[in-house]
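In: build the 3D model from these lines:
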Amino acid sequence: MIEVRPYILIGGRSSRFGRDKATYEFEGEMLAARAARIAETAFEGIAAKFVSRTNGNFLDRAMIADVYPGRGAAGAIHAALADASTGWIFVLACDLPLVTPEFIRALYKMVDDEHGCVVPVQPDGRWQPLCAFYQAKICLQTFENAVALNGKHPSLRTIAAADRPSVVEFADYAYLANSANLLKNLNTFSDLADI
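Out: Here you go, the predicted model:
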């Protein structure tokens, strides 16, 4: 069995949302708490860590800071990879509130040492690297190179594509309940209507 540590990404600027998404209540639960609960359920109680702009504790869990601030989601995944004590990590952005433990477990079944990452594809054909598995020893250097060399937000798809990805097509998880909506994210308040 491959050991995995879940990391919840909560450090986004939420500029389009207009307020901190991590503390926004969705169905009576903060998005950060919801994401941690879902990931911990999928991994049978393995404690999630939060990735944000500062170190400390949040919701009774460890919180680590970006190694390279201002690099967006790629910087957050890099921080999780740099922190990893397990061979693999699972990352989940807190603004993907419809992800389920069953979906995470379905992706986990695709994890193997032949691939550097396991990335699902949304129904619209776009990759969703913010709900994905990454092999630390393979992906850390790729992310390090991408975030350390410039101040921009590097493309997550480009980074993931460089590390022998196992791409999980929508058809591979369409059997799951609410499959068409699992990867819908909250970028703006108007997205709440779709969710």
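In: now do the strands in this protein.
Out: Applying DSSP state E to the chain gives strands spanning 4-9, 25-26, 29-30, 49-52, 56-58, 61-65, 88-93, 117-120, 131-135, 165-168.
In: any chance of the ones you listed in CSV, plus mean neighbour count?
Out: Bear in mind the C-beta positions are built from the backbone N, C-alpha and C, glycine included. Formatted as CSV, these follow (neighbours: other CB atoms under 10 Å):
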stretch, mean neighbour count
strand 4-9, 25
strand 25-26, 14
strand 29-30, 16
strand 49-52, 22
strand 56-58, 13
strand 61-65, 17
strand 88-93, 24
strand 117-120, 25
strand 131-135, 26
strand 165-168, 18
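In: the ones you listed: lowest mean pLDDT?
Out: When the strands of the chain are compared by mean pLDDT, strand 25-26 comes last with a mean of 90.
In: neighbouring strands - and their directions - for it?
Out: Strand pairing for strand 25-26, using DSSP bridges, gives strand 29-30 (antiparallel).
In: low-confidence regions, this protein specifically.
Out: Under the criterion of pLDDT under 70, the regions of the chain flagged as low confidence span 12-19, 150-151, 187-195.
In: circling back: could you dump the strands of the chain to TSV with distance to Ile38?
Out: Below are the strands of the chain laid out as TSV (distance: least, CB to CB, whole Å):
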stretch	distance to Ile38
strand 4-9	9
strand 25-26	12
strand 29-30	10
strand 49-52	14
strand 56-58	16
strand 61-65	14
strand 88-93	7
strand 117-120	15
strand 131-135	10
strand 165-168	18
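In: lovely, talk soon.
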